Every structure is written in C-alpha cells, then in structure tokens.
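curious how this folds, go ahead:
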Amino acid sequence: MNEKIKIYDEKMQKTIDHLEADYQGIRAGRANPHVLDRLRVDYYGTPTPIQQVGNVTIPEARMIQIAPWEKSLIKEIEKAILASDIGITPSNDGSVIRLVFPELTEERRKDLVKEVKKKAEECKVAVRNIRRDGNEAFKKIAKEISEDEVKQLEEELQKITDKYIKEVDKLTEAKSAEILTV
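Numbering: from 1, shown residues only. Model prediction:
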C-alpha cells in the first residue's frame, strides 16, 4: 500500500475501533463487563478503572458481580456506578457489589438501535472527512506528482473508504440484531 494512502487507512481503522468500543458499552439486555470500562473509582486520590480495584465477573447472563480487593472501596465503587450513565442501581452485601440488568422493553430496544445507528452515521461522517482530508492533501502535492498519480491516489482512497463504510454497516447490523434479539 502506498505510504500516502496508509496514513488515511490507519486513521479510518482507528475510527472503526472507536465505534466498536462505543458499541461494547451499549448494553443489550445481557451483562457485559465493558459497560464499566469508562468508570473510574477514587482509589487513594487517583481515578482508577474498576477492573483494577476488584474482580469483575459475570455469574449469570444478566448480572455483573464486582468483588473489590479492599472492602473500603465498596462505597467508592457504588458511588461511581450511581454517578455514571449505566442506569443500574448497584446492590451490595458488604463484600461484593451486584449489578442486575433488567430485561429491555421493546421500546428501549428500539431506542438503543436508534442510538447505534446514530453512532454509525457519525462514524461514516468521520471516515468521509478523512477521505476529504486525503484528497485535499493529494491536490496539494499535485505539483510534485502527475495528475494521473493524483487520480490513482484518490481512487485508491475511495476504495479504502468504501471498505470502511461497509465495515461500519456490518458492525451496525450485528449490534442492532444483538439488541433486538429477545
């Protein structure tokens, strides 16, 4: 692959990776430890990921269990979960915290699918913006290379853009199907 194209290919790949990470954070009625990825607990004055202060397990399909390594962290973990946008109230028995995911209603599932499609559209816009930036960069170096080479670079970049747009569609379809599956 041409070095000039490779830069834009990598940027587009990062955009797809970001979308996948966003999709992992969307709960689909099943317990998914990735919903905790963005949460930070105050651990001796340092914001620390929950996975680094306790053991996160999935004992049942719709439950996450967090067993902190220090009992004193239970209140801090509960506070972080309550302050987050997960929308689940934690319960604890003094040694572990349990998050029980309720069954999603049909309406909530449809809302989540809309959110997934919105994120997909934002990702497609980002990919197209990267393509536009690449095409502008190619036009700037048109003085150094021939017009045919510029055309060839633009065509190659368009093929890569198409590939990533298809990837976004595939990810979106899979996540939507996962959410709508009862």
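
for the helix or strand where K114 lies, list every residue counted as buried.
Taking DSSP states H and E as the criterion, K114 maps to helix 106-140. Neighbour counts over helix 106-140 (16 or more other Cβ atoms under 10 Å) mark 109, 112-113, 116, 119-120, 123-124, 126-127, 130-131, 134-135, 138 as buried. Where you see a C-beta, it was placed from the backbone N, CA and C, and this is true even at glycine.

so which elements touch that helix?
helix 3-24, helix 147-180 (3 or more Cβ pairs under 8 Å, 6 or more residues apart in numbering; DSSP states H and E).

the inter-axis angle of the last one versus helix 106-140?
Angle of helix 147-180 versus helix 106-140, following axes from the mean of the first three to the mean of the last three Cα atoms, to 10 degrees, is 170 degrees.

run a quick neighbour tally on the nearest residue to Q52 once chain neighbours are set aside.
Distance criterion Cβ to Cβ, 6 or more residues apart in numbering; nearest residue to Q52, sequence neighbours excluded, is Y43 at 7.8 Å. Applying other Cβ atoms under 10 Å, we find 18 residues neighbouring Y43.

low-confidence ranges, the protein, go.
Scanning the chain for pLDDT under 70 picks out 1, 27-29, 182.

could you chop it up by domain?
3-25+105-180, 33-100 (automatic domain parsing).

distance from the chain centre to the longest one, please.
What it means is domain 3-25+105-180. Computed by Cα atoms, centre = their mean, to the nearest Å, the chain-centroid distance of domain 3-25+105-180 equals 14 Å.

ends of it, how far apart?
Distance between the boundary residues of domain 3-25+105-180 (Cα to Cα, to the nearest Å) amounts to 42 Å.

kindly report the same for the last one.
Looking at domain 33-100, the gap from its leading to its trailing residue is 12 Å under the measure Cα to Cα.

which residues does whichever helix or strand I64 is part of contact?
I64 belongs to strand 63-68 when assigned by DSSP H and E. With Cβ atoms under 8 Å, 6 or more residues apart in numbering as the test, strand 63-68 has contacts from 31-33, 35-36, 50, 53-59, 74, 77, 95-101.

how about stretch 108-121?
19, 22-23, 26, 28-29, 104, 168-169, 171-172, 175-176, 179-180.

and for stretch 8-28?
Contacts for stretch 8-28 (Cβ under 8 Å, 6+ apart): 1, 32, 34-35, 37-38, 86, 101, 104, 112, 115-116, 119-120, 123, 126-127, 130-131, 133-134, 157, 160-161, 164, 167-168, 171, 175, 178-179, 181.
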